[in-house]
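**Q** Below is the structure, and that's it, no one-letter string:
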């Protein structure tokens, strides 16, 4: 058993490299509010790391500290060995950033927006101009490049943000809620661009509300709540360990029946209209089969609810020893 | 090229792109002060407010300085919009010193008001005003406008960084604009004012600039006045720029 290879496709051991980002006991206080509390985290070069958490969890503050936009109250941060507190400009030359708010000048064209940053990062020369065309093409904005940004859609603005962040071929890309408020097709386009940067060796740190996003993009995920890092693992392990037993089936029945008598393997909660089963998918499946055998004619409707990030937080912040023991 | 120079030039280019998109606004902003001169000059043409000189000659310095003052007073608002849209934070995360952002705005605002002032002086010449200190005097008048504009625009930017939103900004600017104009010697000489207004006007940096510019136009070059005015406005600028840098740092960290 112990010789079975790890099923995770890209399992990275951050201690095997000089980390791209090394955060050691970082704390940030604003007056009486502690936004980030004793955060310790290492991200390996080339890794795609997702920081999950609700609003106010401390994700944006963490990004700001990495970028040198705000100094930690305590603790140390290194980006490729550089202290952003002392040498913020050096960190910024290595780092691309897409902020939560699309930060574009609406009264300039897409190309002019890129041109301003190109001048800051690369200067004004032939190579810089070629690079501007390159990133616009990369973000699929060539045909819209000379239109004013105020006429862009939300997705186009996000892609332009990404094009700007890619201009100087950064070694680290920071993305703060890159797909917040985008429709699913646009979200996929943005994922493709992020994945493309990662394939070319860029280390990516992204924050998100969406578990699915972290699942699709990230090698590892950290979950923050109230400024604390409450979980840190691969998405596969986190799902299995934390939300594996939080899948739900809501069963509506013609007549309520005593489910406990059936000895169903899933957790059971009786309701007015039937019952709610919860647990890992295989337990739910077996319970449903048994219910079908015993009360098939009685079943009116079965609704499946996938685990949400809310479940993860509930699970991580409330004591539920029985369920934790049931996790694989 | 240093990051500071590179950033200042790139961001000034941004303001010029904005200007190019609004040619009507540019023409209006250049024509309007000249219109002021024509209207006010003729309205009070008969007044004997300054014996020995036409009211237009008296007004010219006032209109030049007032134009520089108004342009600069509103100069910070674009950065307030940048702050509200998140663009300012994005720029601060780029490798450029924050002072480059301020420099670009100062260069642009002062550049536009110098164009306006040049048109005003030209219109004044056409209306028969002769600058007693000659061509160097005209250049010095423009230089005073630039120096005052740097300080006022810095204060405007400081306000843009310190306030919560643009509604507050416009309320304060709207409240200050006209009273500051009347509490200066732009429209009437100090000794024509009641005592309390005189006291107020003497604390107004506009007054120093107007007094010095007016003396160049009406009386000619007076080295003592020139130097003391330069010293006062430069000190004012230094204070204003320091306040602005402080407000920017406070707003963004």
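**A** Received, thanks. Computed from a prediction, not measured in an experiment: that's the story for all the values here. Residues are numbered from 1 along each chain as shown, chains lettered A, B, ... in the order given.
**Q** Now the host helix or strand of residue B:99: buried residues?
**A** For residue B:99, the enclosing helix or strand under DSSP states H and E is helix B:98-126. By neighbour count on 16 or more other CB atoms under 10 Å in any protein chain shown, the buried set for helix B:98-126 is B:98-114, B:116-121, B:123-124. (Glycine included, C-beta is placed from N, CA and C.)
**Q** Follow the chain on from that helix and name the next helix or strand.
**A** helix B:134-162.
**Q** From the chain's centroid, how far away is that following helix?
**A** What separates the centre of helix B:134-162 from the centre of its chain is 4 Å, taken as CA atoms, centre = their mean, to the nearest Å.
**Q** All the helices of chain A, residue numbers only.
**A** Listed in chain order, the helices of chain A (DSSP state H) span A:59-67, A:88-94, A:110-122, A:126-138, A:154-166, A:184-199, A:211-217, A:235-238, A:281-295, A:309-317, A:321-326.
**Q** if you compare those, which one is most tucked away?
**A** The highest average neighbour count among the helices of chain A, using mean count of other CB atoms under 10 Å in any protein chain shown, belongs to helix A:59-67 at a mean of 24.
**Q** Mind giving me the packing neighbours of that helix?
**A** Packed against helix A:59-67, as judged by 3 or more CB pairs under 8 Å, 6 or more residues apart in numbering or on different chains; DSSP states H and E, are the following elements: strand A:21-30, strand A:33-43, strand A:48-52, strand A:74-79, helix A:88-94, strand A:95-98, strand A:172-176, strand A:203-208.
**Q** Arrange those in TSV, one row each, with mean pLDDT and distance to chain B as further columns.
**A** Formatted as TSV, the helices and strands packed on helix A:59-67 follow (pLDDT from 0 to 100; distance: least, CB to the nearest CB, whole Å):
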stretch	mean pLDDT	distance to chain B
strand A:21-30	94	10
strand A:33-43	93	13
strand A:48-52	93	17
strand A:74-79	95	13
helix A:88-94	93	4
strand A:95-98	95	5
strand A:172-176	96	9
strand A:203-208	94	14
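**Q** of these, which approaches residue A:291 most closely?
**A** Checking these against residue A:291 by CB to CB gives strand A:48-52 as the closest, at 34.0 Å.
**Q** Out of the helices of chain A, which gets the lowest mean score?
**A** Between the helices of chain A, the one with the least mean pLDDT is helix A:321-326; it has a mean of 42.
**Q** Can you pull the residues of the stretch 51-200 of chain B lying near chain A?
**A** Neighbours of chain A within the stretch 51-200 of chain B, by CB under 8 Å from any CB of the partner chain: B:85-87, B:89-97.
**Q** From the opening residue of stretch B:82-89 to its closing one, how far?
**A** One end of stretch B:82-89 sits 8 Å from the other (CA to CA, to the nearest Å).
**Q** buried set for that stretch?
**A** For stretch B:82-89, the neighbour count (16+ other CB under 10 Å) marks B:82-83, B:85, B:87-89 as buried.
**Q** Could I get the average pLDDT for it?
**A** Stretch B:82-89 comes out with an average pLDDT of 92.
**Q** Quick one: distance of that stretch to the chain centre.
**A** The chain centre lies 25 Å from the centre of stretch B:82-89; the measure is CA atoms, centre = their mean.
**Q** same deal with stretch B:245-253?
**A** For stretch B:245-253, the separation from the chain centroid amounts to 23 Å (computed by CA atoms, centre = their mean).
**Q** for stretch A:162-171, same thing?
**A** Counting by CA atoms, centre = their mean, stretch A:162-171 is centred 20 Å from the centre of its parent chain.
**Q** can you list contacts of it?
**A** A:20, A:45, A:80, A:93-98, A:113-114, A:117-118, A:121-122, A:131-132, A:135-136, A:138-139, A:141, A:173, A:175, A:178, A:190, A:193-194, A:197, A:201-203 (CB atoms under 8 Å, 6 or more residues apart in numbering or on different chains).
**Q** Tell me the spacing between residue B:167 and chain A.
**A** Residue B:167 sits 19 Å away from chain A, going by CB to the nearest CB, to the nearest Å.
**Q** What helix or strand is that residue located in?
**A** Going by DSSP H and E, residue B:167 is in helix B:166-182.
**Q** Does that helix pack against any helices or strands, and if so which?
**A** helix B:55-73, helix B:77-85, helix B:134-162.
**Q** Dump the ones you listed into JSON lines; add distance to residue A:147 as well.
**A** Shown next, in JSON lines, are these (distance: least, CB to CB, whole Å):
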{"stretch": "helix B:55-73", "distance to residue A:147": "30"}
{"stretch": "helix B:77-85", "distance to residue A:147": "18"}
{"stretch": "helix B:134-162", "distance to residue A:147": "29"}
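**Q** To residue A:278, which of those lies closest?
**A** Ranking the helices and strands packed on helix B:166-182 by proximity to residue A:278 (CB to CB) places helix B:77-85 first, at 44.3 Å.
**Q** quick one, that closest one and helix B:98-126 angle?
**A** Interaxial angle of helix B:77-85 relative to helix B:98-126 (axes from the mean of the first three to the mean of the last three CA atoms, to 10 degrees): 150 degrees.
**Q** Return the distance of helix B:77-85 from the chain's centre.
**A** Its chain's average C-alpha position is 20 Å from that of helix B:77-85, according to CA atoms, centre = their mean.
**Q** who touches it?
**A** In contact with helix B:77-85 (CB under 8 Å, 6+ apart) are residues A:101, A:103, A:106, B:15, B:18, B:88-89, B:91, B:101, B:105, B:156-157, B:160-161, B:163, B:165-166, B:169-170, B:173, B:251.
**Q** Enumerate every residue touching residue A:266.
**A** By CB under 8 Å, 6+ apart, the residues touching residue A:266 are A:249, A:277-279, A:283-284, A:286-287.
**Q** let's see 6 Å
**A** A:277, A:279, A:283-284, A:287 (CB atoms under 6 Å, 6 or more residues apart in numbering or on different chains).
**Q** How many residues are close by residue 241?
**A** Going with chain A. For residue A:241, the neighbour count with other CB atoms under 10 Å in any protein chain shown is 15.
**Q** look at chain B instead
**A** Neighbour tally, residue B:241, other CB under 10 Å: 21.
**Q** so which strand or helix has it?
**A** Here residue B:241 is assigned to helix B:223-252, by DSSP H and E.
**Q** Could you confirm whether any residue of that helix contacts chain A?
**A** No: contact of helix B:223-252 with chain A is not found when judged by CB under 6 Å from any CB of the partner chain; the minimum separation is 7.1 Å.
**Q** I'd guessed residue B:94 sits against residue A:119; true?
**A** No: in this structure, residue B:94 is not within contact of residue A:119 by CB atoms under 6 Å, at 10.2 Å.
**Q** Can you give me the distance of the residue lying closest to residue A:254 once chain neighbours are set aside to chain B?
**A** Nearest residue to residue A:254 in three dimensions, chain neighbours excluded: residue A:298, at 5.1 Å (CB to CB, 6 or more residues apart in numbering or on different chains). Separation of residue A:298 from chain B (CB to the nearest CB): 56 Å.
**Q** Please apply the same query to residue A:201.
**A** Residue A:201 is 21 Å from chain B, by CB to the nearest CB.
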